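**Q** return atomic coordinates for the entry below.
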Amino acid sequence: MKHDLNILIIDTDPAIMAGLEKSMKRLGFALCCTATPDSSTEQLEGLSPDLAILGPSSDTSTCIKCIHKLKIIDLGIPILTSCDDEYLQEKAISAPFEGLYYLNPDLKPGEISKTIENALKHKAESELRPDFPVIIGQGREIQDIRKKIRNVSDKDITVLVTGETGTGKELIARSIHYHSSRSRGPLVKINCGALPDELLESEVFGFQRGAFTGAHKDKPGRLEMANGGTLFVDEIGDLSLSLQVKFLQVLEGREFSRLGGTEDKIIDTRVVAGKKSGKVLSERIFSIV
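**A** This next block holds a predicted model:
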């Protein structure tokens, strides 16, 4: 049993969170953090959880929203839910490789420890499977999305995922990566809406020492970091047209140079882009999901 795990406890009741945290520490899990169900994905990601426990105070809808947020952060994160709901209990029992497990709030400490141990074991096993589930749900719309993902995953083509904020573009990008032949390679992401253009260029393409003031050493960009794998470029529509032109050249020629560099580098990086709005230069190079 690994006791250096960071366990995230999510609930609406501070007393319940305190009680669960106390139980975890008695079991030897010294690293615990807490959050409420309305915490944003960014806030939860900042806590760097290895395993999450959803307390019994949240209803089914709230639990499902939390599960979606956690899956965006880490597809394979084990999630233990104490939500007393037949649907969630059925999901936990019938699909252990999705990383969802029902945790009876009345379990003794030894049984809780055993549940955590089984969750970690299943996580390790599921990561060896090329088809472990990513998208939660069985509705017709979800089935259509899964079909589109299967159609593009192994074609190694550039993909554009469209949809408003919060609709799961990153989750789809992760699913495409893990169901593709590049699943053993890295999955790297960058959010174009979170950085100004002057920083975006160096983040995407990297730079050579001396390229600008403060460039004291060489730094690879996200394109290089994703070599052999997938680069997810979120909100690509927020890129300036000049940067989109440069990015288009990379997508068509599979070559680029770092800022301040004199040599072109050949890369083997698949690009999946996300867009909610804004013009994207030459959408003809994308297969759209």
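**Q** this protein: strands as residue ranges?
**A** Listed in chain order, the strands found in the chain under DSSP state E are 6-10, 31-35, 51-54, 79-81, 100-102, 159-162, 187-191, 206-207, 219-220, 230-234, 255-256, 265-266, 270-275, 287-288.
**Q** dump those strands to CSV, plus mean pLDDT and mean neighbour count.
**A** For glycine as for every other residue, the C-beta is placed from the backbone atoms N, C-alpha and C. As requested, the strands of the chain are exported to CSV (pLDDT from 0 to 100; neighbours: other Cβ atoms under 10 Å):
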stretch, mean pLDDT, mean neighbour count
strand 6-10, 92, 23
strand 31-35, 92, 18
strand 51-54, 90, 26
strand 79-81, 86, 24
strand 100-102, 80, 21
strand 159-162, 89, 22
strand 187-191, 89, 18
strand 206-207, 80, 22
strand 219-220, 82, 16
strand 230-234, 91, 25
strand 255-256, 82, 17
strand 265-266, 82, 14
strand 270-275, 90, 25
strand 287-288, 55, 13
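**Q** of all those, which one is nearest residue 118?
**A** Closest approach to residue 118 among the strands of the chain is made by strand 100-102 (7.3 Å; Cβ to Cβ).
**Q** picking up where we left off before, out of the strands of the chain, which is closest to residue 241?
**A** The minimum distance between residue 241 and these falls on strand 270-275, with 14.2 Å, by Cβ to Cβ.
**Q** what angle sits between the closest one and strand 187-191?
**A** Comparing the axes of strand 270-275 and strand 187-191 via axes from the mean of the first three to the mean of the last three Cα atoms, to 10 degrees yields an angle of 30 degrees.
**Q** nearest spatial neighbour of residue 217, chain-adjacent residues omitted?
**A** In space, and not counting its chain neighbours, residue 217 is closest to residue 209: 5.3 Å by Cβ to Cβ, 6 or more residues apart in numbering.
**Q** isn't residue 26 right up against residue 112?
**A** No: taking contacts as Cβ atoms under 8 Å, residue 26 lies outside contact range of residue 112: 9.7 Å.
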